[in-house]
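[1] generate a structure from the sequence data that follows.
(one chain, ligands or ions: 1)
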Amino acid sequence: MKLLVLLFSVAISSFAFANLHQAPPNLDFGNSTAGVFVDFKTAKSVLTYNFGTREVLAETTVEFFQPVKGMPIFDLVSEPSKVLIDGLEASTQLTSMDGVSRVRFINKVLEPGLHTLNVSNEVSKNVSFSSTTVRSAFWMSDLSDRRYMEQYLPSNLEYDQYQTDLEVKIVGTDREHQINTNGSISELSKNHWNITYPAVYTASSYFYHLFEKGAYPQDTKIYKSIDGRDIPVIVYTNQSVSRFMNETLKALAELEADYGPWPHAQVIIYGAGQGGMEHCGATITSYSALGHELIHSYFARGIMPAHGNSGWVDEAIASWRDGGYPGYSSRSLSRTDMAGHSTYQRTTDRDAYTKGMRFIGHLHSKLESQESFKVFLKSFFTERKFKPFKTHEFKAAIETFYSTDLSSEFDLYIYGKKGVDKDHEHKHENPHHPKLSEQELFNLL
Ligand SMILES: [Zn+2]
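    So this is what the prediction gives:
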């Protein structure tokens, strides 16, 4: 009995965030060879900003579990300069996933079990050197393919969660720099840090911004959470810090009243004037999108989409709040396939902001005689926090909460099973998530 208990607790601790059940089906490479989705256990990267070469080198070690024999899949957009698998040199290749996305895989068949991957790559995206300073950021987007962590460091797809340790060194300048990031950061010496990111983080969770000290006016205040925690709120911007700070504190109180305690250890607001993009307890945002980005710390980076087909849920919810939680009749709904794309799709369908929002408002109208949909959302958030979900699980949770069957509504309005209403509405850009060009993002360093 004791042995059983022990085995059980070991299993729980090693597989607490083993999300292979949310991974897409393995790929068929032909000749009976599979491309296999794996479970990252830990990742450790050393990031060196070198003023001599004006290059940024990332050296990463990933421990991963591979469930079946085949070639392991991970992702890194840029070509790595060196790859070792279990200590032996290996090569990687890119492959298509169902024509909707691409991933990188290791060109070697591995047996099931634990493996060690070492990858060296240059980070050149969103890096800017001057003679004595360097700026660098992990800007991300859910509107374009492969725009999460894989742009910078070897990472897994959004279904997976793992602890990342990041050591950052700046070599060759006396100017003092700082990093604003949503991990636990310690300064080892000037321009040398260690950052530990929570084990619940996925590829879209990280916020990381390095710049020379004093580059931005910054203020920190303590927000007292309803659960008693003191939560540091860091605001930095070239616009009005106090205006962003006041609005942030107001939004935090509103969101905690509706959905419960703030789910992250901190709040970081980069008032870039453009954007935004949501991360775990952090955002790069315009002033007008601030509330929208903050609710994403509950819905998007609290409850987390496991793939592109569940990305609509959080944009629909955030947009529903933006509009003041309105109700909608079925007459205002449109048929969409927001969750009917390939299971390999990694981006969010833009119909979410409008048609998805009205669908959520419609569920509210339909079900509020039992209970407001906000009350359901609070319960869903509380139960699913930090467990990547798919649309069918969201649907099932609503059905259980309200003891109802929503199959025909989801088939019609979400899965596209009866066709899709074509119009140009979705082509209008959402004001909170304008799709920024690579140059525009670079300019926000
Ligand atoms: Zn959004």
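
[2] how are the helices of the stretch 1-150 of the chain distributed by residue range?
    Listed from the start of the chain, the stretch 1-150 of the chain has helices (DSSP state H, counting those that start in this stretch) covering 2-14.

[3] low-confidence ranges, it, go.
    Scanning the stretch 1-150 of the chain with the threshold set as pLDDT under 70 gives 1-17.

[4] and the residue of it closest to the ion?
    When scored by C-beta to the ion, the stretch 1-150 of the chain has D142 as its residue closest to the ion, at 8.2 Å. Every C-beta, even on glycine, is put in place using the N, C-alpha and C of the backbone.

[5] correct me if wrong: that residue contacts G311.
    Yes. The pair D142 and G311 qualifies as a contact (C-beta atoms under 8 Å) at a distance of 5.8 Å.

[6] who has more neighbours, the two?
    More neighbours surround G311 than the other of D142 and G311, with 29 against 22 (other C-beta atoms under 10 Å).

[7] residues near the closest residue to that one other than its chain neighbours, how many?
    Closest residue to G311 in three dimensions, ignoring its sequence neighbours and counting by C-beta to C-beta, 6 or more residues apart in numbering: T348, at 3.2 Å. Around T348 sit 25 other residues, with neighbours defined as other C-beta under 10 Å.

[8] find residues that contact each of D142 and G311.
    Common contacts of D142 and G311 (C-beta atoms under 8 Å, 6 or more residues apart in numbering): T347, T348.

[9] residues contacting the residue nearest to V171 when sequence neighbours are not counted?
    On the basis of C-beta to C-beta, 6+ apart, the spatially nearest residue to V171 that is not a chain neighbour turns out to be N50, at 5.1 Å. Listed by C-beta under 8 Å, 6+ apart, the contact set of N50 reads V56, L57, V171, G172.

[10] in this structure the second one contacts V127, no?
    Meaning L57. No. Counting by C-beta under 8 Å, L57 sits too far from V127 to count as a contact (11.2 Å).

[11] what about these two, which has more around it?
    Neighbours per residue (other C-beta under 10 Å) separate L57 from V127, with V127 holding more: 19 against 16.

[12] wait, that one sits on V134?
    Yes. Using C-beta under 8 Å as the test, V127 is close enough to V134 to be in contact (7.0 Å).

[13] now do the closest residue to the residue of the stretch 1-150 of the chain closest to the ion other than its chain neighbours against H433, distance only.
    Sequence neighbours aside, T348 is the residue nearest to D142 in space, at 4.6 Å (criterion: C-beta to C-beta, 6+ apart). Per C-beta to C-beta, to the nearest Å, T348 is found 9 Å from H433.

[14] so for those two, which residues contact both of them?
    Counting by C-beta under 8 Å, 6+ apart, the residues touching both T348 and H433 are L143, E315.

[15] distance from the chain centre to stretch 152-161, please.
    Computed by C-alpha atoms, centre = their mean, to the nearest Å, the chain-centroid distance of stretch 152-161 equals 9 Å.

[16] before we move on, what about stretch 193-210?
    Here the centre of mass of C-alpha atoms in stretch 193-210, compared against the chain's by C-alpha atoms, centre = their mean, lies 10 Å away.

[17] what about that stretch, near the ion?
    No. Contact of stretch 193-210 with the ion is not found when judged by C-beta under 5 Å from the ion; the minimum separation is 12.0 Å.

[18] only C-alpha atoms, please: export that stretch in CSV.
    The C-alpha coordinates for stretch 193-210 follow below in CSV (Å, rounded to 0.1, in the frame of the first residue of the first chain):
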residue,chain,number,x,y,z
TRP,A,193,21.1,37.6,-14.5
ASN,A,194,19.3,34.4,-13.8
ILE,A,195,15.6,34.1,-14.6
THR,A,196,13.4,31.2,-13.7
TYR,A,197,10.0,31.0,-15.4
PRO,A,198,7.2,29.0,-13.8
ALA,A,199,6.7,25.3,-14.9
VAL,A,200,3.1,26.2,-16.1
TYR,A,201,4.4,28.5,-18.9
THR,A,202,3.8,27.6,-22.5
ALA,A,203,5.5,29.0,-25.6
SER,A,204,3.2,32.0,-25.5
SER,A,205,3.6,32.9,-21.8
TYR,A,206,7.0,34.7,-21.7
PHE,A,207,7.5,38.5,-21.5
TYR,A,208,11.1,39.6,-21.8
HIS,A,209,12.5,43.1,-22.5
LEU,A,210,16.1,44.1,-22.1
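
[19] in that stretch, what counts as buried?
    By neighbour count with 16 or more other C-beta atoms under 10 Å, stretch 193-210 contains the buried residues 193, 195, 197-198, 200-210.

[20] longest helix anywhere in this structure?
    Counting residues, the longest helix found in the chain (DSSP state H) is helix 241-259.

[21] what is that helix packed up against?
    strand 218-224, strand 230-237, strand 267-271, helix 290-295, helix 373-384 (3 or more C-beta pairs under 8 Å, 6 or more residues apart in numbering; DSSP states H and E).

[22] so what sits against both of V127 and V134?
    Taking C-beta under 8 Å, 6+ apart as the contact rule, V127 and V134 both touch Y49.

[23] about what we covered before: give me phi/psi at the residue nearest to G311?
    According to degrees, to the nearest 10, the main-chain angles of T348 amount to phi -90, psi 130.

[24] pretty sure it is touching D145, no?
    No. In terms of C-beta under 8 Å, T348 does not count as a neighbour of D145; the distance is 10.9 Å.

[25] V420 contacts D349, correct?
    No. In this structure, V420 sits apart from D349 without contact. The criterion is C-beta under 8 Å, and the distance is 10.5 Å.

[26] looking at these two, which one has more neighbours?
    A side-by-side neighbour count of V420 and D349, using other C-beta under 10 Å, places D349 first with 24 against 16.

[27] from what I see, that one and W312 are in contact.
    Yes. Applying C-beta under 8 Å, one finds D349 in contact with W312, separated by 5.4 Å.

[28] overlap of the contact sets of those two?
    A shared contact of D349 and W312, defined by C-beta under 8 Å, 6+ apart, is any residue touching both; here these are M338, A339, G356.

[29] closest one of these to P232?
    For P232, the closest of the shared contacts of D349 and W312 turns out to be G356, at 32.9 Å, with distances computed as C-beta to C-beta.
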